[in-house]
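Colleague: Sequence first, predicted model second:
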Amino acid sequence: QVQLVESGGGLVPAGGSLRLSCVGSGRTFSSDTMGWFRQAPGKEREFVATIRWSWGGGVTYSADSVKGRFTISRDNANNAVYLQMNSLKPEDTAVYYCASAPIWRGNYEDGRMYSYWGQGIQVTVSS
């Protein structure tokens with residue numbers, strides 16, 4: 001059974017930091033593209049960041065809204081992907097989802113590229 005399990009969410013004041021973790025099991029994710037999406041109440045799911053496998057370690061892509069504040073990284077040995085979130089804002093409040101795409105199709109901002117999803121974890125930023 002393939003699973004992605006997120007951890008590290010919670011409540012943090014504006015300007016604070018959180019580090020989300022996502023660990024996969026049931027298959028090897030080391031060559032997958034692994035990403036993070038989020039969904040705020042009443043809004044559609046949106047792309048946050050993703051990291052594509054490469055021989056040099058990984059190529060990252062981020063949404064404009066989080067550039068300079070969020071950093072995605074991965075640990076292939078542990079089937080894990082991380083999202084370091086700094087300078088958090090109330091508008092970052094959402095359920096954050098980890099996702100994995102075995103095949104790179106280029107449309108990394110589209111959730112349909114991803115085949116596996118975690119259950120989601122709540123991040124709340126207070127003002």
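Modeller: That came through, no problem.

Colleague: from here on, contacts and neighbour counts on C-alpha atoms
Modeller: OK.

Colleague: ranges for the strands of this structure?
Modeller: Applying DSSP state E to the chain gives strands spanning 3-7, 10-13, 18-25, 33-39, 46-52, 59-62, 70-75, 80-85, 94-101, 116-117, 121-126.

Colleague: which stretches of the protein have low pLDDT?
Modeller: Across the chain, the ranges flagged by pLDDT under 70 are 56.

Colleague: Spatially central residue for it, please.
Modeller: For the chain, Trp36 is the residue whose C-alpha lies nearest the centre (CA atoms, centre = their mean; 2.1 Å).

Colleague: Just list whatever residues bridge to that one.
Modeller: On the basis of DSSP bridges, Trp36 is bridged to Ala49, Cys98.

Colleague: would you turn the strands of the chain into a markdown table with distance to Asn107?
Modeller: A markdown table is the format used below for the strands of the chain (distance: least, CA to CA, whole Å):
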| stretch | distance to Asn107 |
| --- | --- |
| strand 3-7 | 21 |
| strand 10-13 | 30 |
| strand 18-25 | 21 |
| strand 33-39 | 11 |
| strand 46-52 | 11 |
| strand 59-62 | 11 |
| strand 70-75 | 18 |
| strand 80-85 | 19 |
| strand 94-101 | 11 |
| strand 116-117 | 16 |
| strand 121-126 | 24 |
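
Colleague: residues touching the residue nearest to the centre of the chain, list them.
Modeller: By CA atoms under 8 Å, 6 or more residues apart in numbering, the residues touching Trp36 are 47-50, 83, 96-99.

Colleague: any idea how far Leu88 is from it?
Modeller: Counting by CA to CA, to the nearest Å, the gap from Trp36 to Leu88 is 16 Å.

Colleague: Also Tyr108?
Modeller: On the measure of CA to CA, Tyr108 and Leu88 end up 23 Å apart.

Colleague: Would you check how far apart Gly106 and Val95 are?
Modeller: Look at Gly106 and Val95: by CA to CA, they are 24 Å apart.
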